[in-house]
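Dropping a prediction and its sequence here:
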Amino acid sequence: MTTPEHPDSPTPPVPRRDWLLYAGMAAVGLAAAASSYAALQDLAVRTGWWPQLSWLLPLTTDAYAMTAVRVWLGHSTRNARARAWAKANAIGAIVLSVAGNAVDHAIASHVIAVSWPLIVAVSAIPPVVLGLLVHMAHLRSLPPASPAPSTPAAEHEWQAPEPAPAAAPPPIPPAPPAEPKRRQPRRPVTASGKRQTLPPGPTDEALIAAARERAAAGQEPSATWLIKTYGIGTRRAGRIRDAALTAPAPAPEPTDAPTQNGELALARGQT
């Protein structure tokens with residue numbers, strides 16, 4: 001006779017099956033499948049599918065949703081990535097079925113018209129669903145990601161002691177203050193102490209005469225010419241140019257004052 005290893009541990013009760021719950025789920029499932037099947041088949045016919053193959057669109061959508069829910073909630077799914085991917089695909093399949101039903105009813109009520117983007121979207125459902133399911137099957141086949149178990153031998157292995165912290169280096173003494181810069185001694189003053197005088201330049205009269213000669217030769221006595229030729233300032237060059245271009249006033253003619261006075265006296269005596 002065998003005894004249980006832990007007689008005091010409580011055994012979780014086995015939940016009973018609620019057949020009424022299952023019956024309600026089956027009824028709602030059949031009604032939803034029939035209505036969604038009819039709407040999606042009609043949408044396939046409206047978007048150009050052959051009537052003989054229009055039943056494949058609702059079959060693809062419903063099978064996609066059922067497979068994703070099975071992988072999401074099934075106990076056989078051990079990989080967390082596969083379970084997360086299946087959850088996202090299950091929600092996406094339900095949204096896809098709802099959107100297909102809504103579009104078919106909108107077309108039947110003449111709310112929207114069948115356009116080429118709608119045709120492309122409906123035609124792309126089977127290949128896209130196939131690719132998503134293949135990726136889901138690949139993730140489900142991967143082993144569960146679990147941390148590496150620690151062995152007892154590894155726990156009792158000798159571990160090297162941690163090295164003692166290194167002593168702090170001694171403080172660096174402050175640098176000595178920098179010496180003040182020494183000023184360069186001034187150059188000795190020469191014995192004379194006089195500045196070198198420059199030779200005198202040409203006078204204004206000479207410059208005016210030179211400018212007039214240039215004008216008489218048929219060339220313009222400009223200020224630039226005066227500056228480059230004689231090395232004078234701009235203002236002085238302008239003044240010399242204006243004076244040279246201004247014609248000099250004619251000198252008064254000399255008169256013989258005593259002769260004119262004598263002639264006047266002689267004329268008065270004759271009268």
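Sure thing, it's come through.

Excluding sequence neighbours, find me the nearest residue to residue 207.
Setting aside the residues directly before and after it, residue 207 is nearest to residue 240 in space (CB to CB, 6 or more residues apart in numbering), at 4.6 Å. (Each C-beta comes from the backbone N, C-alpha and C, glycine too.)

so where's the stretch 51-200 of the chain uncertain?
Applying pLDDT under 70 to the predicted model, the residue ranges of the stretch 51-200 of the chain that meet it are 145-161, 163-167, 185, 187-200.

Recalculate using a threshold of 50.
For the stretch 51-200 of the chain, the stretches flagged by pLDDT under 50 are 148, 153-155.

now the helices: where do they sit in it?
Assigned helices in the stretch 51-200 of the chain, in chain order: 56-73, 80-108, 116-123, 125-140, 152-155 (criterion: DSSP state H, counting those that start in this stretch).

hmm, back to that, gap between the residue nearest to residue 207 and residue 101?
Distance check for residue 240 against residue 101: by CB to CB, to the nearest Å, it reads 104 Å.

wait, residue 93 sits on residue 65?
Yes. Taking contacts as CB atoms under 8 Å, residue 93 lies within contact range of residue 65: 3.5 Å.

tell me the contacts of residue 114?
The contact partners of residue 114, taken as CB atoms under 8 Å, 6 or more residues apart in numbering, are 46, 47, 107.

ok, and the most crowded of these?
residue 47 (21 neighbours; other CB atoms under 10 Å).

Might one say that that one is in contact with residue 125?
No. If you go by CB under 8 Å, residue 47 and residue 125 don't touch, sitting 10.2 Å apart.

residues touching residue 232, list them.
So residue 232 contacts 201, 207, 226, 240 (CB under 8 Å, 6+ apart).

again, but for residue 230
Listed by CB under 8 Å, 6+ apart, the contact set of residue 230 reads 201, 202, 207, 210.

cool, residue 51 as well?
The contact partners of residue 51, by CB under 8 Å, 6+ apart, come to residue 45.

What of residue 92?
When contacts are counted by CB under 8 Å, 6+ apart, residue 92 touches residue 68.

Residue 126 versus that one, what's the distance?
Computed with CB to CB, the distance linking residue 92 and residue 126 is 15 Å.

hang on, the earlier thing: what separation is there between the residue nearest to residue 207 and residue 219?
Here the criterion is CB to CB. By it, residue 240 lies 15 Å from residue 219.

between those two, which one's more packed in?
Set side by side, residue 240 and residue 219 give different neighbour counts by other CB under 10 Å, the larger being at residue 240 (23 against 11).

Mind telling me what element that one is part of?
helix 234-245 (DSSP states H and E).

what's that helix packed up against?
Judged by 3 or more CB pairs under 8 Å, 6 or more residues apart in numbering; DSSP states H and E, the packing partners of helix 234-245 are helix 204-216, helix 223-230.

Out of those, the one nearest residue 76 is which?
If you check each of the helices and strands packed on helix 234-245 against residue 76 by CB to CB, helix 223-230 wins as the nearest, at 102.3 Å.

Please list all residues in contact with residue 90.
Contacts of residue 90 (CB under 8 Å, 6+ apart): 65, 68, 69, 72.

Could I get the contacting residues of the third one?
For residue 69, the contact set (CB under 8 Å, 6+ apart) comprises 86, 90.

and if you look at the last one?
By CB under 8 Å, 6+ apart, the residues touching residue 72 are 83, 86, 87, 89, 90.

out of those, which is most surrounded?
Comparing these on neighbour count, residue 86 comes out first with 25 neighbours (neighbours: other CB under 10 Å).

Would you mind measuring from that residue to residue 79?
Relative to residue 79, and taking CB to CB, residue 86 is found at 10 Å.

what do you get for residue 181?
Separation of residue 181 from residue 79 (CB to CB): 77 Å.
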